[in-house]
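S.K.: Coordinates for the following, if possible.
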Amino acid sequence: MKKFVNIYIFAIVILFVVIVVGCVSYNIGIGPTTKESNEINFYVDENSTYLSIANELKEKNLIKSINFYKIYIKIFNPTNLQKGNYVLNTNMGVKKIIEALEKGTKAETISFTIPEGKHITDAATYISEVTNYTSDELLNYWQNEQFIDKLIDEYWFITDEVKNSNLRYNLEGYFFPATYEIYKNSTIEEITYKMLDKMDEVLSKYKEDIDEYTVHEILTLASIVEHEAILDEDRPKIARVFLNRLDQGMMLQSCATIGYAINEWKLTYTNADLAVDSFYNTYKYFGLPVGPGGLPGEASIKAVIYPDNNDYLYFLANVYDTNSNQTYYSKTYAEHKQKCIIYLGYEC
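M.R.: Predicted structure coming up:
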């Protein structure tokens, strides 16, 4: 009997120890991941649940243990998860994180817009206007060799082509023109990822049909189409004109590339402009320019991937008639010259 009592007492002691250890482990497991303050941007979308965000919380080092986090959720069963941007902290722990998400204590956000056809320098200006970063800080960060290598490793559409020493800006053409909402305290890297993620989203829709040309070449030609086309319906036609010229070994001779080469945009260019020695100048060098000369939108990118079926080699936009959006196409140079005289008043 005494032996049975001893076993019973021992079992109770063991159970007590297990409970104590379990409670201690639980409290540690739902505690802060660090004592230091490290703010982390966190986004909750409309389809999220407290359980579905567990993995991301762990990846961002906001919780120590997914299992203990889920136990906390099961015990307290929070329900008021609100969509939005949050700034959480690694020193909060599970309880404070859940309280913040329940109260909807959202992070302050800011936005900026990059229109189609603008340049990476414009993107830097727009971002600098709503953040504490200067244009030069942004541009220098985007030119950092280690950062470029990191992006090449992380994005399927960025390759060693962006490391060409003749490029003016390595990432010109790779930021998708759109409106972006970012956290007020976003880092340059986070802002950059936001723009590249959007480009990834757009390009991935056409990934299976990208075969004849590289993404770098597609973005390069798309940046030309973006500048040259007046209407969306003209983009596939103009893209085919340039592809036809490439197929026949002709120079592209695009004024868009002259503008980028001399960093000045005009309705007409002088002979001195056309002769400028730049790898962006398609009046001096055959083939595509060394890289994009701007930030093309989806319509221009799609036009290059799915160009029109025509055999035109020339096109002309009546830039002097502000009431006309007409673009005229020709198969021969003789036809093109005649249209120049009719619509521009001089021989091209």
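S.K.: neighbouring contacts of stretch 118-133?
M.R.: For stretch 118-133, contacts defined as CB atoms under 8 Å, 6 or more residues apart in numbering pick out 110-114, 134-139, 142, 169, 171-173, 175, 177, 184, 186, 188, 191, 195, 260, 293-295. C-beta coordinates here come from the backbone N, C-alpha and C atoms, glycine included.
S.K.: again, but for stretch 77-94
M.R.: Stretch 77-94 has contacts (CB under 8 Å, 6+ apart) with 30-46, 48-50, 60-63, 68-69, 72, 97-98, 100-102, 104-107, 109, 181, 183, 185.
S.K.: Whichever of those residues end up buried, select them in ChimeraX.
M.R.: Here is the ChimeraX selection string for the buried members of the contacts of stretch 77-94, based on 16 or more other CB atoms under 10 Å:
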select :30,31,32,33,40,41,42,43,44,50,60,62,63,68,69,72,97,98,100,101,106,107,109,183
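S.K.: Which of the contacts of stretch 77-94 fall in helices?
M.R.: F68, Y69, Y72, I97, I98, A100, L101, E102 (DSSP state H).
S.K.: Just the closest of the residues you listed to Q253, please.
M.R.: Proximity of these to Q253 (CB to CB) peaks at L101, which lies at 57.5 Å.
S.K.: and the gap between the residue lying closest to the closest one once chain neighbours are set aside and P307?
M.R.: Spatial nearest neighbour of L101, excluding adjacent residues (CB to CB, 6 or more residues apart in numbering): L81 at 5.6 Å. Distance of L81 to P307, computed by CB to CB, to the nearest Å: 46 Å.
S.K.: Could you check which of the two has the larger neighbour count?
M.R.: Neighbours were tallied for L81 and for P307 using other CB atoms under 10 Å; the higher tally belongs to P307 (20 against 17).
S.K.: From what I see, the more buried one and R240 are in contact.
M.R.: Yes: counting by CB atoms under 8 Å, R240 is a contact partner of P307 at 4.0 Å.
S.K.: check contacts around Y329.
M.R.: Residues in contact with Y329 (CB under 8 Å, 6+ apart) are K237, V241, N310, Y312, Y314, F315, L316.
S.K.: If any of those are buried, put those into a PyMOL selection.
M.R.: Burial among the contacts of Y329 is assessed by 16+ other CB under 10 Å; the matching PyMOL selection reads:
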select buried, resi 237+241+312+314+315+316
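S.K.: Let me have the contacts of Y329 in JSON lines, extended by distance to V225 and pLDDT.
M.R.: Shown next, in JSON lines, are the contacts of Y329 (distance: CB to CB, whole Å; pLDDT from 0 to 100):
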{"residue": "K237", "distance to V225": "10", "pLDDT": "97"}
{"residue": "V241", "distance to V225": "9", "pLDDT": "97"}
{"residue": "N310", "distance to V225": "14", "pLDDT": "95"}
{"residue": "Y312", "distance to V225": "14", "pLDDT": "96"}
{"residue": "Y314", "distance to V225": "15", "pLDDT": "95"}
{"residue": "F315", "distance to V225": "11", "pLDDT": "93"}
{"residue": "L316", "distance to V225": "15", "pLDDT": "90"}
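S.K.: Could you tell me which of the contacts of Y329 are located in helices?
M.R.: Checking those against DSSP H, those in helices are K237, V241.
S.K.: which one of the contacts of Y329 is nearest T332?
M.R.: Y314 (7.7 Å).
S.K.: Hmm, the closest one is touching Q338, no?
M.R.: No: counting by CB under 8 Å, Y314 stays clear of Q338, with 10.7 Å between them.
S.K.: which residue ranges form the strands in the stretch 201-348 of the chain?
M.R.: Under the criterion DSSP state E, counting those that start in this stretch, the stretch 201-348 of the chain contains strands at 314-317, 327-330.
S.K.: Tell me which strands the last one pairs with, and in which orientation.
M.R.: The strands beside strand 327-330 in its sheet (DSSP bridges) come out as strand 314-317 (antiparallel).
S.K.: Low-confidence ranges, the stretch 101-250 of the chain, go.
M.R.: By pLDDT under 70, the weakly predicted segments of the stretch 101-250 of the chain are 105-107.
S.K.: Mind doing that once more with 90?
M.R.: Judged by pLDDT under 90, the stretch 101-250 of the chain has its weakly predicted residues at 101-110, 181-186, 211, 230.
S.K.: how about the helices in it?
M.R.: Using DSSP state H, counting those that start in this stretch, the helices of the stretch 101-250 of the chain run over 120-128, 135-142, 145-154, 188-204, 215-228, 235-247.
S.K.: Would you format the ones you listed as a markdown table with distance to E264 included?
M.R.: Output for those, formatted as a markdown table (distance: least, CB to CB, whole Å):
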| stretch | distance to E264 |
| --- | --- |
| helix 120-128 | 13 |
| helix 135-142 | 19 |
| helix 145-154 | 27 |
| helix 188-204 | 26 |
| helix 215-228 | 13 |
| helix 235-247 | 22 |
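S.K.: most packed of those?
M.R.: Most buried of these, by mean neighbour count (mean count of other CB atoms under 10 Å): helix 215-228, with a mean of 25.
S.K.: can you give me how far that helix is from the chain middle?
M.R.: Distance of helix 215-228 from its chain centroid, counting by CA atoms, centre = their mean, to the nearest Å, is 16 Å.
S.K.: so what's A261 up against?
M.R.: Contact analysis of A261 by CB under 8 Å, 6+ apart lists V276, S278, Y280, N281.
S.K.: In ChimeraX, how would I select the buried members of the residues you listed?
M.R.: Paste this into ChimeraX to select the buried members of the contacts of A261, with burial taken from 16+ other CB under 10 Å:
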select :278,280,281
